[in-house]
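J.: Provided below are the primary sequence and the corresponding predicted coordinates.
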Amino acid sequence: MKIFGKNVYPRKVVLFACGVLVLATTTYDVHRSIKNNQSPPSEEQLQRLYQRRPPPST
């Protein structure tokens with residue numbers, strides 16, 4: 001297969017496509033995590049967290 005006048009093996013095309021897919025999914029996951037963490041945790045979420053581990057001491 002020729003791309004831009006150079007021989008490119010299909011394996012390299014598949015590897016590049018997989019790399020782009022991993023980058024896209026990671027970017028989406030980070031964006032979603034940031035979006036979900038913009039609001040403070042609710043009282044119910046804090047209670048569940050403190051059931052698993054003690055609250056931090058100040």
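T.: Nice, thanks for sending it over.
J.: give me the low-pLDDT residue ranges for the chain?
T.: 55, 57-58 (pLDDT under 70).
J.: got the residue ranges for the helices in it?
T.: Listed in chain order, the helices found in the chain under DSSP state H are 10-36, 43-52.
J.: now those helices in a markdown table, with mean neighbour count and distance to Phe4?
T.: (Each C-beta comes from the backbone N, C-alpha and C, glycine too.) Below are the helices of the chain laid out as a markdown table (neighbours: other C-beta atoms under 10 Å; distance: least, C-beta to C-beta, whole Å):
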| stretch | mean neighbour count | distance to Phe4 |
| --- | --- | --- |
| helix 10-36 | 10 | 13 |
| helix 43-52 | 9 | 52 |
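J.: For Gly5, the count of nearby residues, please.
T.: A count of nearby residues for Gly5, using other C-beta atoms under 10 Å, gives 5.
J.: er, Pro54 I mean
T.: So Pro54, with other C-beta under 10 Å, has 7 neighbours.
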